[in-house]
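Undergrad: Below are the sequence and a predicted model for it; my questions follow.
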Amino acid sequence: MSGNGADGRVRRLRGRFRPRTRPRFEGQSFNRLIPNIMTMLGLCCGLVSIRFAYEGRFEQAAVLILVAGVIDGLDGRLARLLKATSRFGAEFDSLSDFLCFGVAPAFILFFWSMQDYRALGFAPCLIFAVCMSLRLARFNAALDVGPTVKPAYTYNFFTGVPAPAGAGCVLFPLFLGLWFQQAGWEILASAARHPVFVGLVLVTVATLCISTLPTWSFKNFKVPSSFVLPLLLGSGLFVALLLAEPWAALAMAGIIYLGMLPFSVRSYLRLKREAESLLEPVVVAEGPRSGAA
């Protein structure tokens, strides 16, 4: 009896201290949702920027577009880092890009400069938004094609100006106008706000977005050793200018990016020629044969 009682107590103690099993819930982990949450934050920035532009708060609207651009640059990298890439995330990101970098900048410039001209002033804004949607649709169509074998150098280039860069370039008149207005140069501020100038910028940037122009992606961009120190010095000067005169720095960034496009095309053509030269068959000239059998 004593032995059976001891065994019973041991069994009860084992049952009492047995580790509890945690219930498992089906679904995705929270880490995999972080990129989509960031994309949603960028989408909210674009929506709020339209509201600020409607209220005449153009400085805050421009800042929100810049914040959306930073978020757009981080969510994709974070998704690849967390191995959370999905087709839903890609489609959601494209829709967010269309609103933040296509619709929102067009409305901001319309309320800032083109509103008094009604339908005629809205036409360039509409062209820009449509071209941005076509650019993003072309990108999504390339995803449906599936993996294709491309030359290695093509992965360093985009086809056309990407959406965040297009939004930054199209807001160049706003950056310029805010800088001139802050400096007290009212005549130059009125010139930057002129509907003809703003309309030309809208149409030009829209054309660059849907073009097949090869533009640097800067993802695998390698800086030569001789240019590292000048690049660091230039980056430090730009940050200093951004803190002192933010609108002037942003306007200058747009000019620098547009000025880099010809060099991007030249780099693409040079790499293409080098790749094609490696694929050309080498013809070895044979000398005259001797008469010996």
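TA: That came through, no problem. Treat the numbers as computed from the prediction; the structure is a model and nothing was measured. Residues are numbered from 1 along each chain as shown.

Undergrad: and stretch 92-105, which residues are buried?
TA: Neighbour counts over stretch 92-105 (16 or more other CB atoms under 10 Å) mark 92-94, 96-105 as buried. For glycine as for every other residue, the C-beta is placed from the backbone atoms N, C-alpha and C.

Undergrad: And for stretch 193-212?
TA: 193, 195, 197-199, 201-203, 205-206, 208-210.

Undergrad: How far off centre is the helix or strand encompassing residue 255?
TA: Assessed by DSSP states H and E, residue 255 sits inside helix 246-279. A distance of 16 Å separates the centroid of the chain from that of helix 246-279, by CA atoms, centre = their mean, to the nearest Å.

Undergrad: Same question for stretch 176-192.
TA: Remark: stretch 176-192 is offset 28 Å from the chain centroid, using CA atoms, centre = their mean.

Undergrad: Which residue ranges of the chain form helices?
TA: Using DSSP state H, the helices found in the chain span residues 2-16, 30-54, 58-81, 87-98, 104-109, 118-145, 163-170, 172-183, 186-192, 195-210, 228-244, 246-279.

Undergrad: Return the most buried member of those.
TA: Per-stretch averages of neighbours, counted by mean count of other CB atoms under 10 Å, single out helix 104-109 among those, with a mean of 26.

Undergrad: got a list of contacts for it?
TA: Helix 104-109 has contacts (CB atoms under 8 Å, 6 or more residues apart in numbering) with 46-47, 49-50, 53-54, 58, 61-62, 65, 68, 125-126, 128-129, 167, 170-171, 173-174, 198, 202.

Undergrad: just for the stretch 101-250 of the chain, where's the confidence low?
TA: Along the stretch 101-250 of the chain, segments meeting pLDDT under 70 span 143-149, 220-221.

Undergrad: Show the contacting residues for residue 91.
TA: By CB under 8 Å, 6+ apart, the neighbours of residue 91 are residue 140.

Undergrad: Ignoring the adjacent residues along the chain, who's closest to the residue most central in space within the chain?
TA: Note on the chain: the residue nearest the mean C-alpha position is residue 164, at 4.4 Å, using CA atoms, centre = their mean. Using CB to CB, 6 or more residues apart in numbering and skipping the chain neighbours, the partner closest in space to residue 164 is residue 69 (4.2 Å).

Undergrad: hang on, the one you found packs against residue 169?
TA: No: counting by CB atoms under 8 Å, residue 69 sits too far from residue 169 to count as a contact (11.6 Å).

Undergrad: Let me know the pLDDT of the residue nearest to residue 74 when sequence neighbours are not counted.
TA: Computed as CB to CB, 6+ apart, the closest residue to residue 74 that is not its neighbour in sequence is residue 38, at 6.4 Å. For residue 38, the model assigns a pLDDT of 92.

Undergrad: Can you lay out the helices of the chain as CSV showing distance to residue 157?
TA: Shown next, in CSV, are the helices of the chain (distance: least, CB to CB, whole Å):
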stretch, distance to residue 157
helix 2-16, 66
helix 30-54, 24
helix 58-81, 17
helix 87-98, 19
helix 104-109, 24
helix 118-145, 13
helix 163-170, 13
helix 172-183, 23
helix 186-192, 31
helix 195-210, 14
helix 228-244, 20
helix 246-279, 6
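
Undergrad: Compare these and give me the one nearest residue 219.
TA: Closest approach to residue 219 among the helices of the chain (CB to CB): helix 58-81, 9.4 Å.

Undergrad: Hmm, residue 170 and residue 202 touching each other?
TA: Yes: taking contacts as CB under 8 Å, residue 202 lies within contact range of residue 170: 6.0 Å.

Undergrad: Quick check: neighbours shared by these two?
TA: Both residue 202 and residue 170 are in contact with 106, 109, 128, where contact means CB under 8 Å, 6+ apart.

Undergrad: CA atoms of stretch 246-253 as PDB?
TA: Output of stretch 246-253 as PDB, limited to C-alpha atoms (Å, rounded to 0.1, in the frame of the first residue of the first chain):
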ATOM      1  CA  PRO A 246      15.800  73.000 -46.800                       C
ATOM      2  CA  TRP A 247      13.800  74.200 -49.800                       C
ATOM      3  CA  ALA A 248      16.900  75.400 -51.600                       C
ATOM      4  CA  ALA A 249      18.600  72.000 -50.900                       C
ATOM      5  CA  LEU A 250      15.500  70.100 -52.200                       C
ATOM      6  CA  ALA A 251      15.400  72.300 -55.400                       C
ATOM      7  CA  MET A 252      19.100  71.700 -55.900                       C
ATOM      8  CA  ALA A 253      18.600  67.900 -55.500                       C
END
